[in-house]
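In: test case, fold it:
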Amino acid sequence: MNILVFLHVLGAAAIVGGWFAFFKKPTVLPIQLWGAIAQLVTGLALVGVAGATHTDLNYVKITVKLVIAIVVLVAAILGYRKAKAGQVVPTGLAHAVGGMALINIGVATIWQ
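Out: Sure, this is the predicted structure:
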């Protein structure tokens, strides 16, 4: 379980770190895409493990985090495809990747 938490936090760091590094010239980096994939996969795994070992999970919070993670992943895929093709990544799309990931971190840490 601790390894899953470590990988989950590492995925968040990859997304938000990449966003901060290129904040003035927004784009979507490959590391952000990999971070978004890691976030979704490890998040689902963490819920699976927790669901198998605990009875009192907050499924509303989990659902909110899942929806946000899917939005981050879709935005990362779209932005990375544009960047890889040499096209300009729309500012809103690039900021959606990092900003929504940051919101998801807030939901994880502030929502009890």
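In: helices of this protein, start to end?
Out: 2-21, 30-53, 59-84, 91-110 (DSSP state H).
In: can you lay out the ones you listed as TSV showing mean neighbour count and mean pLDDT?
Out: From N, CA and C alone the C-beta is placed, and that goes for glycine too. Listed next are those as TSV, based on neighbours: other C-beta atoms under 10 Å; pLDDT from 0 to 100:
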stretch	mean neighbour count	mean pLDDT
helix 2-21	17	97
helix 30-53	17	97
helix 59-84	17	98
helix 91-110	18	98
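In: how close does Ala13 sit to Leu29?
Out: As judged by C-beta to C-beta, to the nearest Å, Ala13 and Leu29 stand 13 Å apart.
In: repeat for Val72
Out: 13 Å.
In: and what of Phe20?
Out: With C-beta to C-beta as the criterion, Phe20 and Leu29 are 11 Å apart.
In: also Leu40?
Out: Distance from Leu40 to Leu29, by C-beta to C-beta: 17 Å.
In: Val64 too?
Out: According to C-beta to C-beta, Val64 and Leu29 sit 26 Å apart.
In: try Leu44
Out: Leu44 is 23 Å from Leu29, by C-beta to C-beta.
In: what of Asn104?
Out: Taking C-beta to C-beta, one finds Asn104 at 18 Å from Leu29.
In: phi, psi of Asp56?
Out: phi -110, psi 70 (degrees, to the nearest 10).
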